[in-house]
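Peer 1: With the input below, show me the fold.
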Amino acid sequence: MNEMNATRRTLSVLVENAAGVLSQVSRLFSRKGYNIESLAVGTTDDPTVSRITIEVWADAPMIEQIMNQLRKQYPVYSVQELKPERSIRRELVMFKVKAETHDIRNEVIQIANIFRASIIDVSLKSLTLALIGDETKAEAMQKLLEAFGILELVRTGMVALERGAYTIEDETKEQTEFNLGKNFL
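Peer 2: Numbers count the residues shown, from 1 in each chain. Predicted structure coming up:
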C-alpha cells in the first residue's frame, strides 16, 4: 500500500443474512492483512439481506483489490465504495459521564444540548448520553466530556448510505453476472 495515498475508505456490502457470513467476510480482510477501522452490520428492509459497512485505510489499488475479492464471495450480492461527496456517514456513540453534583449535571446537559445529544439515563452519580454524528463531532464531544470523567464509552461503528437517489442496487453482483453471458451466444 502506498502510505501517502491511503485514505479512509467506506465500503457498503450487501450479503446474505445467514450464520457465518460476517465471519467469512472478516476472514478475507485478515488473510490479506488489512485492518478494519470500523465495522457495522444490520439487516436491510429485506430480512434475508444484511448490509455491512466497512471502513478501512487504503489507497486506490488496494480498495479495488478488496472490492474484487469481496465480489468473489458466494454470500456477497453487492459491493460499493461510498465516495464522501455521494454519501452520508454516521455512528452512534454512548457516553456515561460522572455527574455527582447538580452543577456538574447541568454543565454536562448543556454540552449535550450543544451537540444535540440525547440524555438517555440519569442517576445521582452519572449521566448517559447518546450522540449521532461523524467522528469529528464524536471526538469533539468526547474531549469536552473528559474533563468531567468518562466512566464508559461505546461506539457502534460507522454506518453509511448513498445520498439522493443513488442506491447500492444500482450496481449489483447479480446484474453483472447476468451481463457476462450475453456476449457469448
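
Peer 1: do you know how far Leu39 is from Asp45?
Peer 2: Going from Leu39 to Asp45 by CB to CB, to the nearest Å gives 21 Å. In this view, the C-beta of every residue, glycine as well, is placed from N, C-alpha and C.

Peer 1: So which of these two has more stuff around it?
Peer 2: Leu39 (17 against 6; other CB atoms under 10 Å).

Peer 1: Helix, strand, or coil at the nearest residue to the more buried one once chain neighbours are set aside?
Peer 2: Leaving out its chain neighbours, the residue that sits closest to Leu39 by CB to CB, 6 or more residues apart in numbering is Gly157, at 5.2 Å. Put simply, Gly157 is coil when judged by DSSP: H, G, I helix; E, B strand; the rest coil.

Peer 1: Ok, the one 3 residues further on next?
Peer 2: Ala160 falls in the strand class when you classify it by three-state DSSP.

Peer 1: For this structure, which segments count as helices?
Peer 2: 21-32, 60-71, 102-114, 135-146, 173-180 (DSSP state H).

Peer 1: center of the protein, which residue is that?
Peer 2: Centroid-nearest residue in the chain: Met158, 2.1 Å away (criterion: CA atoms, centre = their mean).

Peer 1: tell me the contacts of it?
Peer 2: Going by CB atoms under 8 Å, 6 or more residues apart in numbering, Met158 touches 10, 38, 40, 53, 55, 89-91, 135.

Peer 1: redo that, cut-off 6 Å
Peer 2: Contacts for Met158 (CB atoms under 6 Å, 6 or more residues apart in numbering) come out as 38, 53, 55, 89, 91.

Peer 1: Make JSON lines out of those residues and add distance to Ser126.
Peer 2: Formatted as JSON lines, those follow (distance: CB to CB, whole Å):
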{"residue": "Ser38", "distance to Ser126": "27"}
{"residue": "Thr53", "distance to Ser126": "30"}
{"residue": "Glu55", "distance to Ser126": "30"}
{"residue": "Arg89", "distance to Ser126": "29"}
{"residue": "Glu91", "distance to Ser126": "22"}
